[in-house]
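In: compute the structure for the input listed below.
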Amino acid sequence: MVPFFSGTRPGHRVTHGRATFELPILYFRDDLFAAFFSASSERVRAMMPSPRLHPVTLPGGRAMVAIAAFRYLETSIGPYGEVAVVVPAVFGDRPPPPILPGLLEARYPGFGAVVLHLPVTALVARDAGRGQWGYPKFVSDMHFTRSPETIGVRLSEGEKHILTLDVPRRGPVLRDDNPLITFSVKDGALIKTTIPQRGACRTSLLPRGATLALGDHEMTASLRALRLSSKPFMTRVYVERAGILPEGEVIERGVRPLDGVRGADREGTLTSDNLEGY
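Out: All right, here's what the predicted structure looks like:
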């Protein structure tokens, strides 16, 4: 078997703002967990930067919105935290049929995740993400928690609470070596980025004990406007994961901006409970 990171070095160096780094960015080890909510299809569709991006829907017509938290422990640009708000969607000429939650990994042609918000804890991660891929990043503060039963994150910007997400660590452990595909907007162009990953995760449908608390913040107002369900219909917790973030490719020009929150020009904080013992 060819080693996962084989051929990624030497890469090439780029500079965006305060960030000078080598592409692709390598993610050797991280914590990742996510919760999937239903949301208003009309409101989610109105957020799409291109009419060719079709939100994936559940039976009954509701769209999906996922909130995912990453605690990057070892990377080629250093450790940092990140919380993603994304919409599973298909890029193409027609919308996909509704799917059941457990079939989300069916990977329709054109499947990916439209990134609506992507707060991070480090300026270098913000500048790299916005400059290279147009990811809607801003600097925030994160505190991660983990127990034998749950894993969670509290996200804030200074004194402003944004959200707190806790998910149960339940479900059978299955391999997930599917690439993570994102859609973002940079300078009026829609960027598709295919991120190879290797990992294993627990997936739980209709999970008990998963909670999302929303604070008072610009990002939170955007989430409330999407009319999220009060509980997630699915959660996912990775027990191991590695990834490779390459350059993206332009797949459409002349699309609407998707800038998200800009935030203050400062370093964020990344703290945690004693996670290493689990």
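
In: and the host helix or strand of residue 164, which strands flank it?
Out: Applying DSSP states H and E as the criterion places residue 164 in strand 160-168. Sheet pairing of strand 160-168 (DSSP bridges) gives strand 150-157 (antiparallel), strand 211-214 (antiparallel).

In: three-state assignment of residue 97?
Out: On the three-state scheme (DSSP: H, G, I helix; E, B strand; the rest coil), residue 97 is labelled coil.

In: correction: residue 224
Out: Criterion first, three-state DSSP; result for residue 224: helix.

In: and the nearest residue to residue 242 once chain neighbours are set aside, what is it in contact with?
Out: With CB to CB, 6 or more residues apart in numbering as the criterion, residue 242 has its nearest non-adjacent residue at 5.1 Å, and that residue is residue 198. Backbone N, C-alpha and C define where each C-beta goes, glycine included. Contact analysis of residue 198 by CB atoms under 8 Å, 6 or more residues apart in numbering lists 4, 177, 241, 242, 243.

In: quick check: beta-bridge partners of the third one?
Out: Judged by DSSP bridges, the bridge partners of residue 241 are residue 199.

In: I figured it hits residue 33, correct?
Out: No: the criterion here is CB atoms under 8 Å, and residue 241 misses it with residue 33 at 10.3 Å.

In: thinking again about what came up before, and of the strands paired with strand 160-168, who's closest to residue 87?
Out: Checking the strands paired with strand 160-168 against residue 87 by CB to CB gives strand 211-214 as the closest, at 16.1 Å.

In: who touches the closest one?
Out: Counting by CB under 8 Å, 6+ apart, 35, 37, 67, 162-166, 220, 223-224, 228, 232 sit against strand 211-214.

In: residues touching residue 201, list them.
Out: Contacts of residue 201 by CB under 8 Å, 6+ apart are 32, 173, 174, 176, 236, 237, 238, 239, 241.

In: with the residues you listed in mind, which one is nearest to residue 76?
Out: The closest of those, once distances to residue 76 are taken by CB to CB, is residue 241, at 15.3 Å.

In: how near is the closest one to residue 260?
Out: 24 Å (CB to CB, to the nearest Å).

In: now do residue 120
Out: Distance, residue 120 to residue 260, by CB to CB: 12 Å.

In: need the residues touching each of those two.
Out: Taking CB under 8 Å, 6+ apart as the criterion, residue 120 and residue 260 both touch 137, 138.

In: count of neighbours near residue 269?
Out: A count of nearby residues for residue 269, using other CB atoms under 10 Å, gives 15.

In: contact partners for it?
Out: 121, 141, 142.

In: can you do 6 Å?
Out: Residue 269 sits next to residue 141 when contact means CB atoms under 6 Å, 6 or more residues apart in numbering.
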